[in-house]
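Peer 1: missing the sequence, but the structure's below:
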Ligand code: PMP
Ligand code: GLU
């Protein structure tokens, strides 16, 4: 290692999500059958009105305002009012090249600790470490779907009540697929308010709540909550790189500081993408239908895989939104140990090697290395075909086994491969 490497970067590796994506593609390119349940990206195409917007504005070429294109910020503001009954001013919205970049800049400008529930998405902690920030992992319990409770938050805040802190709450959750109830959000908001903890409410999977019932904690602690979202998940546009933060007036000092950093780093977000994104937030029955269909497809697939795994003692929280499951393989612990598998990294390595099924170890999400949990992204299916079918044959009909057979045959084969692999191990030993 070069001595001139910034110590904050030493020891960090390429983000686990991007690494598994690149590895899965490389293995597939070598001709191996790879089931891509490791990386988490939307299987659905970008809605047509948004694609049309990009065609229409492909010629736009000028640098835009640092905070973002005003008509886009106005469209987002109107969308939040209409869809979530959240009032926000266009001036209080910062557009960025992905919410990930904005999360990083937030960590840079805020002087205080980062609190994250364990497990949490892979990038929050490395970003904090890069800017020399202290990371406090908050413990959670599987009995609570691995979600944070108000008591757990209170216990940390009580220890040093005046300490400046940002807490990232991500719901529906990556990696568990679980979300918070109204009561849980209210209780958590009360504690955050009491200790003046700033909340970064990462709602990037909010529009993919499986029953279209996403509720933001901003309703209960508006003055201290920043909402984070973007096009990547619900609009199937991860590669477009467009995210945004919505601030309350009381936190204008943070958006101002972030805009300064933005002006000295990414300048502004791609002009054609910002113009095209306006269509995603305007009232449009076609986009409403797209979302409802995406939600019911994900709900059906998530529930099918969840119950299949559960019936083999591989438990996980029931999915409520997004496209992740967090299966726990501990029922197979001693059998796996006999094969030399004692942690989540080995579990995922062996599984990939033996079956071609890619998952991500829970270790990458902050769990203890010897815990036999992993993240499964149920996105390895043809989203365009699934949407089309949902909008035609299944327009007025519940999704069923035939739908799965047509759209997700390979992904269900992957689940069977996991089960056969585990049970093979049992049979070998018994
Ligand atoms: N938060 C969570 C929980 C995520 O899973 C992701 C993954 N892309 C992001 C934020 C960042 O998304 P983007 O940068 O594409 O807006
Ligand atoms: N958020 C996605 C995931 O968790 C991938 C994109 C990323 O990490 O930047 O798999």
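Peer 2: Perfect, I can see it now. Just so you know, these numbers come straight off a predicted model, no measurement behind them. Ligands and ions are numbered 1, 2, ... in the order given.
Peer 1: any idea how far residue 369 is from residue 347?
Peer 2: Shown here: residue 369 relative to residue 347, a distance of 11 Å by CB to CB, to the nearest Å. Bear in mind the C-beta positions are built from the backbone N, C-alpha and C, glycine included.
Peer 1: so between those two, which is more surrounded?
Peer 2: residue 347 (24 against 12; other CB atoms under 10 Å).
Peer 1: with adjacent residues omitted, what lies nearest to that one?
Peer 2: residue 341 (5.3 Å; CB to CB, 6 or more residues apart in numbering).
Peer 1: the one you found against residue 348, yeah?
Peer 2: No: with contact defined as CB atoms under 8 Å, residue 341 does not reach residue 348; the gap is 9.6 Å.
Peer 1: more crowded one of these two?
Peer 2: Taking other CB under 10 Å, residue 341 and residue 348 do not tie; residue 348 has more neighbours (24 against 21).
Peer 1: which strands and helices sit next to the helix or strand harbouring that one?
Peer 2: Using DSSP states H and E, residue 348 maps to helix 344-355. Contact here means 3 or more CB pairs under 8 Å, 6 or more residues apart in numbering; DSSP states H and E; on that basis helix 344-355 packs against strand 357-358, strand 360-361, strand 374-377, helix 409-429.
Peer 1: go again using 6 Å as the cut-off
Peer 2: Using 3 or more CB pairs under 6 Å, 6 or more residues apart in numbering; DSSP states H and E as the contact test, the elements touching helix 344-355 are strand 360-361, helix 409-429.
Peer 1: which residues sit against the first one?
Peer 2: Contacts with strand 360-361, where a contact means CB atoms under 6 Å, 6 or more residues apart in numbering, come from 16, 20, 38, 344, 345, 348, 374, 375.
Peer 1: mind putting these into CSV with distance to ligand 2?
Peer 2: Shown next, in CSV, are the contacts of strand 360-361 (distance: CB to the nearest ligand atom, whole Å):
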residue, distance to ligand 2
16, 8
20, 8
38, 8
344, 16
345, 16
348, 14
374, 13
375, 8
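Peer 1: neighbour-wise, which of those leads?
Peer 2: residue 375 (31 neighbours).
Peer 1: for it, list each beta-bridge partner.
Peer 2: Note on residue 375: beta-bridge partners by DSSP bridges are residue 360.
Peer 1: can you verify my assumption that it contacts residue 175?
Peer 2: Yes: using CB atoms under 6 Å, residue 375 makes contact with residue 175 at a distance of 3.9 Å.
Peer 1: identify the contacts common to these two.
Peer 2: 324, 326.
Peer 1: any idea of the mean pLDDT for the helix or strand hosting residue 55?
Peer 2: Secondary structure from DSSP H and E places residue 55 in helix 48-56. What helix 48-56 shows for mean pLDDT is 98.
Peer 1: other residues contacting it?
Peer 2: 272, 276, 279, 280, 284.
Peer 1: apply 10 Å and report the result again.
Peer 2: 45-47, 231, 235-237, 240, 272-282, 284, 286-287, 290 (CB atoms under 10 Å, 6 or more residues apart in numbering).
Peer 1: up against ligand 1, what does the stretch 101-250 of the chain have?
Peer 2: 121, 170, 174, 202, 204, 230, 232, 238, 243 (CB under 6 Å from any ligand atom).
Peer 1: overlap in contacts, residue 369 and residue 347.
Peer 2: 361, 362, 363.
Peer 1: ok, and the most crowded of the residues you listed?
Peer 2: Busiest of the shared contacts of residue 369 and residue 347 [other CB under 10 Å] is residue 362, holding 29 neighbours.
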